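Asks: below are the sequence and a predicted model; questions follow.
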Amino acid sequence: MKDTSELETILARIDALESDRAIRACINRYMDLCDHLNPATPLDELGDLFTEDAKWEGKGARYAKSFGGYQGRDAIVSMLAKYTAEPAHFSLNVHYLSSEVIRVDGDQASGSWNMIQVSSFSAGGSHLNSARLSVSFRRDDGVWRMAHFETENLFSRPVSDWNDDATLPVPK
């Protein structure tokens, strides 16, 4: 009996480690796709990162007003598709994730990240945003997908252009 219990414990630990890795890959693929929103963005792949009944919402005064909330994979993809129209909304868009915490419990999981987003817009101007991401995941047909994505603004401000042609300062 002891061997069976030890084996089950080891298998559960391996599953948790593999789940952690798959969840990290899911959120990173989402960020990568959001970094490259344009007419060539594979919206079907983007949608497949979410469960059918997923919820996506901006939290706090600034993000609730700017982004609102969306219920269901199709509604989330439709919202993100607005950023893929010509002319491209972003001329530069990069997300950086840090302070990661992932907790796996069977077929459910939660994750949180601090995010910095550096953006320049095709219409002009640049912006620096920081947000706290709180994401619930669910294993769906053996695949980890986002079930509830929350983004809450920590700070946001316009900045001058990110990509300047000025010579980089280097020691002589």
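Replies: That came through fine.
Asks: so where's this protein uncertain?
Replies: The chain contains residues with pLDDT under 70 at 1-2, 161-163.
Asks: mind listing the helices for it?
Replies: 2-35, 43-47, 60-66, 73-81 (DSSP state H).
Asks: and the angle for the first one with helix 73-81?
Replies: So that's helix 2-35. Angle, helix 2-35 to helix 73-81, by axes from the mean of the first three to the mean of the last three Cα atoms, to 10 degrees: 40 degrees.
Asks: helix 2-35 packs against which elements?
Replies: helix 43-47, strand 90-105, strand 108-121, strand 126-140, strand 143-159 (3 or more Cβ pairs under 8 Å, 6 or more residues apart in numbering; DSSP states H and E). For glycine as for every other residue, the C-beta is placed from the backbone atoms N, C-alpha and C.
Asks: tell me what the last one is packed against?
Replies: In terms of contacts (3+ Cβ pairs under 8 Å, 6+ apart), strand 143-159 is packed against helix 2-35, strand 50-59, helix 60-66, strand 108-121, strand 126-140.
Asks: one more time with 7 Å, if that's ok
Replies: Secondary-structure packing of strand 143-159 (3 or more Cβ pairs under 7 Å, 6 or more residues apart in numbering; DSSP states H and E): helix 2-35, strand 50-59, helix 60-66, strand 126-140.
Asks: next: the shortest one.
Replies: Counting by 3+ Cβ pairs under 7 Å, 6+ apart, the packing neighbours recorded for helix 43-47 are helix 73-81.
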